[in-house]
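Chemist: What follows is a protein structure lacking sequence information:
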């Protein structure tokens, strides 16, 4: 039985990156002519078919929406999918989900696979690696061929398309302002590295709140986590070595880890140290103390993304270049990890 | 633009169920000739193409695995998907996920959609409604056309295929025996309705443990929950109205709700009442007290399911009817909700 050769196999065989193969097949001037010819010859030899989106689009509608998310063991993304499902099903659409696992290559491969006639349009949130590389050629390609894309949460200004976001900067600002209103001044930030778009925006919101209130920004109190799996020790050091009043964490895992770290050195939450997290997931709800957090409203975000995509799919106009960015409202869910005053 | 008519639209138009449409298109003798003719005529008129799996299988491999799970906001299923992804990617396969939302119709629709040339084989866990209806024609159909299916967790004896399960009966037995060993006698069970296969097996394990230890099974202490969204009040009544030593809950949401109910009437966990749950998810880990629970090892289950499917896909033999059922080992994760003695 003849197996279809994949992008990945071509890349491996020729010892180049998947991105190089993908760009070579599209005759991108970014790739040297020598490499392009090599890739194209190989693809031809093994009968590789680049996707024929434009063709398939003209012939049929699949009534299916493709989703690409960075990870699945993550309550926020799961709620967004629920929101998409609900609205999609109401409008007679099915939904297919794929995971990039925060990998650029997997994002490209999944996009290639789904665009090949399985779906009518994409709803996606960028992988960390894609944001780091700033390589969006796979998305541009799909849009250029006439397949609509809606981005949510982790988006980029480099791509023109419909987007659904929250105002991460404002949400962080409000959370930190809430801590300042309660009299706290030494407020630490536990955030991600800057290339994660939402992490950067939340960091900016934290800094803005401090500056607005004439509190000096102390770099020692800002911890940027690269790898979530080994953050425990860093967070323990941050809390043990600085006399902190409060912590603002940009996700719920950082928040619950901060609480654990505080308990370890016998600090009481919220009596000795307050914590506010981000994302109203089950960790925030069931941890002890339960965690005050910024609710992103994933269900609403997913529903809105689905609505925007379906409107575009069913619009009569050939190509409407007026892209919209919808901002979903956030709110602070007050729980036990901050004083109730 | 001509839209492809879907199973759902045919069902709606003719006011019959999706299952009836699906069976009529396959000339099933279960459906009256009159209905069959009507459905077939309609399908022909609107150019509906039933899936051509056999044909597509002979022509190409997609190197893609399709997953159908009942819900996504559920840590266990998310970990199984991670396990599948990992092994699939190692073997050069992509993964597509769809959700049945516990609905029979959605399970049928998703199966139809994916079987239509997008994937090489299925890994699936049955929806509650499918288990209730005992209607598995969509799965039989796919298998008969030569597309392999691996079932996990919620499986059925009515379908011959590869399966990955845990020994739910034994796992429940061991959890309850652990409570009995600690001296508890009035042990309540919070479980699902019996048609959910794993719920039934865990109920049987609970009963077996009591009987083995000559403890009378008291029906008042067995609570069968139909709708997880409105279980709070039922669980509160169970705990308030019976002098219970301990609770065995068949999932972590029931377990954490039992702890909340106990706290509400000032019972201390584990001093006044002990709780053991099922599924080692983030609720069990981060709730307070943290919850002693049966770990199902979702990652391992997913990995094993992927391995079985890929072996079958890549096997040289035309049709190997020797189906296997792999049993993944469980173990009790001891935490704060049971006494440490």
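Modeler: It's in. Owing to the predicted nature of the structure, the values given are computational and were not obtained by experimental measurement.
Chemist: unless I'm mixing things up, residue A:246 is touching residue A:277, no?
Modeler: No. Under the criterion of CB atoms under 8 Å, residue A:246 makes no contact with residue A:277, lying 11.8 Å away. Bear in mind the C-beta positions are built from the backbone N, C-alpha and C, glycine included.
Chemist: which of those two has more neighbours?
Modeler: residue A:277 (30 against 25; other CB atoms under 10 Å in any protein chain shown).
Chemist: Confirm for me that that one is in contact with residue A:284.
Modeler: Yes. Here residue A:277 lies in contact with residue A:284, judged by CB under 8 Å, at a distance of 5.7 Å.
Chemist: Mutual contacts of those two, please.
Modeler: Common neighbours of residue A:277 and residue A:284, using CB atoms under 8 Å, 6 or more residues apart in numbering or on different chains, are A:252, A:255-256, A:291, A:293.
Chemist: Tell me how chain A divides into domains.
Modeler: By the record's domain assignment, chain A is partitioned as A:7-50, A:59-165+A:298-327, A:168-297 (automatic domain parsing).
Chemist: Determine which of these shows the lowest mean per-residue pLDDT.
Modeler: When mean pLDDT is averaged over each of those, domain A:7-50 scores lowest at a mean of 81.
Chemist: how close does residue A:158 sit to residue A:325?
Modeler: 14 Å (CB to CB, to the nearest Å).
Chemist: for the stretch 201-341 of chain A, what spans make up the strands?
Modeler: Across the stretch 201-341 of chain A, reading from the start of the chain, the strands by DSSP state E, counting those that start in this stretch fall at A:222-225, A:246-249, A:274-278, A:292-295, A:325-328, A:331-333.
Chemist: Tell me the strands beside the strand or helix carrying residue A:188, with direction?
Modeler: Taking DSSP states H and E as the definition, residue A:188 sits inside strand A:187-192. Here strand A:187-192 has these sheet partners by DSSP bridges: strand A:222-225 (parallel), strand A:246-249 (parallel).
Chemist: in the helix or strand where residue A:138 lies, what's buried?
Modeler: In this structure, residue A:138 is located in helix A:137-144 according to DSSP H and E. Residues A:138-143 are the ones in helix A:137-144 that count as buried (16 or more other CB atoms under 10 Å in any protein chain shown).
Chemist: With respect to residue A:165, which of these is nearest?
Modeler: Comparing those against residue A:165 with CB to CB places residue A:139 closest, at 16.2 Å.
Chemist: next structured bit after the helix or strand where residue A:112 lies?
Modeler: Here residue A:112 is covered by helix A:104-115, with elements defined by DSSP H and E. The first helix or strand that comes after helix A:104-115 along the chain, using DSSP H and E, is strand A:121-124.
Chemist: buried residues in the helix or strand following that next one?
Modeler: Scanning forward in sequence from strand A:121-124 by DSSP H and E, the next helix or strand is helix A:128-133. Of the residues in helix A:128-133, those buried by neighbour count under the rule 16+ other CB under 10 Å are A:128-131.
Chemist: which of these lies closest to chain B?
Modeler: Minimum distance to chain B across the buried residues of helix A:128-133 is 14.8 Å, recorded for residue A:129 (CB to the nearest CB).
Chemist: The residue in the stretch 151-300 of chain A positioned nearest to chain B: what's its closest spatial neighbour, skipping adjacent residues?
Modeler: The nearest approach of the stretch 151-300 of chain A to chain B comes at residue A:288, 2.4 Å away (CB to the nearest CB). Using CB to CB, 6 or more residues apart in numbering or on different chains and skipping residues adjacent in sequence, the residue nearest residue A:288 is residue B:288, 2.4 Å away.
Chemist: List the contacts of that neighbour.
Modeler: By CB under 8 Å, 6+ apart, the contact list for residue B:288 reads A:286-289, B:336.
Chemist: Those into CSV, with extra columns for distance to residue A:206?
Modeler: Shown next, in CSV, are those (distance: CB to CB, whole Å):
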residue, distance to residue A:206
A:286, 26
A:287, 22
A:288, 26
A:289, 22
B:336, 34
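Chemist: Cross those against helices and list the overlap.
Modeler: Using DSSP state H, the subset of the contacts of residue B:288 located in helices is residue A:286.
Chemist: tell me the two of the contacts of residue B:288 that are most distant?
Modeler: Farthest apart among the contacts of residue B:288 by CB to CB are A:289 and B:336. That separation is 15.1 Å.
Chemist: and the closest residue to residue A:327 other than its chain neighbours, how many neighbours does it have?
Modeler: Excluding its sequence neighbours, the residue lying closest to residue A:327 (CB to CB, 6+ apart) is residue A:167, at 5.4 Å. Residue A:167 has 15 neighbouring residues, counting by other CB under 10 Å.
Chemist: what does the stretch 101-250 of chain A put close to chain B?
Modeler: Residues of the stretch 101-250 of chain A lying close to chain B (CB under 8 Å from any CB of the partner chain) are A:101, A:106, A:109-110, A:113-114, A:118.
Chemist: Quick one: the strands in the stretch 1-150 of chain A, in order.
Modeler: Counting by DSSP E, counting those that start in this stretch, one finds strands in the stretch 1-150 of chain A at the ranges A:64-69, A:94-99, A:121-124, A:149-152.
Chemist: The second one packs against which elements?
Modeler: Using 3 or more CB pairs under 8 Å, 6 or more residues apart in numbering or on different chains; DSSP states H and E as the contact criterion, the elements in contact with strand A:94-99 are strand A:64-69, helix A:75-90, helix A:104-115, strand B:94-99, helix B:104-115.
Chemist: change it to 10 Å
Modeler: With contacts defined as 3 or more CB pairs under 10 Å, 6 or more residues apart in numbering or on different chains; DSSP states H and E, strand A:94-99 has these neighbours: strand A:64-69, helix A:75-90, helix A:104-115, strand A:121-124, strand B:64-69, helix B:75-90, strand B:94-99, helix B:104-115.
Chemist: and these as JSON lines, adding mean neighbour count?
Modeler: JSON lines is the format used below for the helices and strands packed on strand A:94-99 (neighbours: other CB atoms under 10 Å in any protein chain shown):
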{"stretch": "strand A:64-69", "mean neighbour count": "26"}
{"stretch": "helix A:75-90", "mean neighbour count": "22"}
{"stretch": "helix A:104-115", "mean neighbour count": "24"}
{"stretch": "strand A:121-124", "mean neighbour count": "26"}
{"stretch": "strand B:64-69", "mean neighbour count": "26"}
{"stretch": "helix B:75-90", "mean neighbour count": "22"}
{"stretch": "strand B:94-99", "mean neighbour count": "25"}
{"stretch": "helix B:104-115", "mean neighbour count": "24"}
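Chemist: In a markdown table, list those along with distance to residue B:312.
Modeler: A markdown table is the format used below for those (distance: least, CB to CB, whole Å):
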| stretch | distance to residue B:312 |
| --- | --- |
| strand A:64-69 | 26 |
| helix A:75-90 | 29 |
| helix A:104-115 | 21 |
| strand A:121-124 | 31 |
| strand B:64-69 | 11 |
| helix B:75-90 | 13 |
| strand B:94-99 | 16 |
| helix B:104-115 | 16 |
